[in-house]
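**Student:** structure of the sequence below:
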Amino acid sequence: MTSESTTNPVTARGQLRGASFGYVVLSFRKWWRDSVVGTVDQAEVIEKRREDCAMSARYMFMTAMSAGIAILGLLLSSPAVVIGAMLLSPLMGPIIGLGFALAIGDYGWLRQSAKSLAYGTLIAVALCALIVVMSPIQTVTAEIAARTRPNLFDLLVAVFSALAGAYAMIRGREGTIVGVAIATALMPPLAVIGFGLATWNWTVFSGALMLYITNLLAIALIAALMARLYGFRTSLSERQTQFQNIVIVVAFIVLAVPLGISLRQIGWEAGASRQLQGEVMDVFDGQARLSQFDTNFDAEPIEVSATVGTPELRGDAEEIASRGMARIVGAPVNFTITQYQTGASSSAVEQAQLAAVQAQEQAAIARADELAARLALVAGVLEDEVLVDRQRRRAVVNTNLH
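**Tutor:** Residues are numbered from 1 along each chain as shown. As a prediction, this is how the structure comes out:
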């Protein structure tokens, strides 16, 4: 009697797939080690990164100029001017240097990078605060407000900027565009910190500071991970190396949790705002058009204002809408509404805009007449002798006596 051994076909296929997967992993590791890591001159890269971290006169001057341009762009609410500031910012050097120093365990380099970054930060904040104090414009513009509520998307911007910056520096392809990517996440928040300090606005100051610290740590940690991925090794022991990796992961979790909560709040506010708009339109049974809608969820009670064009004005619109809004947000709502009566065949939005333009034109004419009267009194002539050109913003006084 002979015994015959049989192999389960399912088990055989599983073993074959396992062997194939292991072979693919080994092949990829060999390719990465030989064709990618092996082509990087680590000594040259580290030497260049050390030079970029030095606290030189050029570094301090360019940081100050970049900060000055950034705060002016924010005060003017001009994205183009803010981008111009990013072109000058030298902050990429010490930030990436922090990551590389952490990756190889060079704490002397780490301290040098941190010192350069600290001095650059202080100079930028101080100069921005000084400019704001001397400026007649001290209002929170849209560009400033955008840097006061950090969320998870801001963290992703910093992560992608760091990936681009670290890759370019390791592969020797750094340039202006990469510097702009890093400055995008750092210089505008720095300028907003200076604005908040100068105006004693704690909300602006704390929000911008949180955004700056978040982006700073995210860029440095991503640079450290990229350096390790490209074979930059530390002189520390294996146990200390694992501790570094744990610290990096924990730091990202600590950053992501509050930013995720902030993003969730922003998402809730966006959804609530849409529901509040719907509540306003329900009051008018779909016969009206909404031309303006603003909300302030930070106020107590929540503030909501709207401008509506409607064929029929409703005196109880505020009361009815306020009750519905309070049910939606679960809190008291201070709601104000401006109603424009429109014809059945006319667009509510066009009617509202036309009324607003007419009101502005009448106000401008009244101001021009008042200015003409004052100039005539000062010059000692009749009002007919004063010509006010509102388009060119100038006034001409005929002082010839007849």
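**Student:** helix or strand next in line after the helix or strand harbouring Ala126, which one?
**Tutor:** Ala126 is part of helix 107-134 when elements are defined by DSSP states H and E. Going down the chain from helix 107-134, the next helix or strand is helix 142-145, by DSSP H and E.
**Student:** contact partners of that next one?
**Tutor:** Helix 142-145 has contacts (CB atoms under 8 Å, 6 or more residues apart in numbering) with 73-75, 77-79, 82, 188, 192, 195, 204. Backbone N, C-alpha and C define where each C-beta goes, glycine included.
**Student:** buried among the residues you listed? Need that as a selection in ChimeraX.
**Tutor:** To isolate the buried members of the contacts of helix 142-145 in ChimeraX, using 16 or more other CB atoms under 10 Å:
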select :73,74,75,77,82,188,192,195,204
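**Student:** does Arg149 touch Ala208 like I think?
**Tutor:** No: under the criterion of CB atoms under 8 Å, Arg149 is not in contact with Ala208, lying 9.6 Å apart.
**Student:** nearest to Pro311 among the contacts of helix 142-145?
**Tutor:** Ser77 (36.8 Å; CB to CB).
**Student:** the closest one and Thr141 touch, don't they?
**Tutor:** Yes: in this structure, Ser77 is within contact of Thr141 by CB under 8 Å, at 3.9 Å.
**Student:** just the buried residues of the strand or helix carrying Ser161, please?
**Tutor:** Using DSSP H and E, Ser161 sits within helix 152-170. Buried residues in helix 152-170, counted by 16+ other CB under 10 Å: 152, 154-155, 158-159, 161-170.
**Student:** now swap in stretch 100-107 and tell me
**Tutor:** So stretch 100-107, judged by 16+ other CB under 10 Å, has buried residues 100-106.
**Student:** which one of these is nearest to Leu221?
**Tutor:** Taking CB to CB as the measure, Leu102 is the one of the buried residues of stretch 100-107 closest to Leu221, at 7.9 Å.
**Student:** how about that closest one, what does it touch?
**Tutor:** Counting by CB under 8 Å, 6+ apart, Leu102 touches 110, 220-221, 224, 244.
**Student:** how about TSV for the buried residues of stretch 100-107, with secondary structure added?
**Tutor:** Formatted as TSV, these follow (DSSP: H, G, I helix; E, B strand; the rest coil):
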residue	secondary structure
Phe100	helix
Ala101	helix
Leu102	helix
Ala103	helix
Ile104	helix
Gly105	coil
Asp106	coil
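**Student:** count the residues that sit near Ile95.
**Tutor:** Ile95 has 29 neighbours, counted by other CB atoms under 10 Å.
**Student:** what's near enough to touch it?
**Tutor:** Residues near Ile95 by CB under 8 Å, 6+ apart: 113, 117, 165, 182, 186, 216, 219-220, 223.
**Student:** lowest pLDDT pick from these?
**Tutor:** Least confident entry in the contacts of Ile95, by pLDDT: Ile182, with 58.
**Student:** still on that earlier bit, so which of the contacts of Leu102 sit within helices?
**Tutor:** 110, 220-221, 224, 244 (DSSP state H).
**Student:** which strands and helices sit next to the helix or strand Ile337 falls within?
**Tutor:** For Ile337, the host element (DSSP H and E) is strand 333-341. Contacts defined by 3 or more CB pairs under 8 Å, 6 or more residues apart in numbering; DSSP states H and E place strand 333-341 against strand 302-310, helix 317-329, helix 348-379.
**Student:** note down every partner strand of it and its orientation.
**Tutor:** Note on strand 333-341: by DSSP bridges, its sheet partners are strand 302-310 (parallel).
**Student:** quick one, the partner strand and helix 317-329 angle?
**Tutor:** Per axes from the mean of the first three to the mean of the last three CA atoms, to 10 degrees, the angle that strand 302-310 makes with helix 317-329 is 130 degrees.
**Student:** now the stretch 51-200 of the chain, which segments are flagged as low pLDDT?
**Tutor:** Within the stretch 51-200 of the chain, the stretches with pLDDT under 70 are 151, 172-185.
**Student:** surely Lys115 and Tyr59 touch.
**Tutor:** No: with contact defined as CB under 8 Å, Lys115 and Tyr59 do not form a contacting pair (11.4 Å).
**Student:** quick one, which of these two is more surrounded?
**Tutor:** Tyr59 (20 against 13).
**Student:** look up the closest residue to that one, ignoring the ones flanking it.
**Tutor:** Once flanking residues are discounted, Tyr59 sits nearest to Pro90: 5.2 Å by CB to CB, 6 or more residues apart in numbering.
**Student:** mind checking the SS state of that neighbour?
**Tutor:** Under three-state DSSP, Pro90 falls in the coil class.
**Student:** what sits against it?
**Tutor:** 52, 58-59, 62-63, 66, 120, 179.
**Student:** now swap in Asp282 and tell me
**Tutor:** Gly324.
**Student:** run the last query once more with 6 Å
**Tutor:** With contacts defined as CB atoms under 6 Å, 6 or more residues apart in numbering, Asp282 has no neighbours.
**Student:** what's the helix or strand for it?
**Tutor:** Element membership for Asp282 (DSSP H and E) is helix 238-283.
**Student:** quick check: mean pLDDT across that helix?
**Tutor:** Taken as a whole, helix 238-283 has a mean pLDDT of 72.
**Student:** right, and the helix or strand after that helix?
**Tutor:** From helix 238-283, the next helix or strand downstream (DSSP H and E) is strand 289-296.
**Student:** now the angle from that following strand to strand 333-341?
**Tutor:** Using the same axes, to 10 degrees: strand 289-296 against strand 333-341 is 160 degrees.
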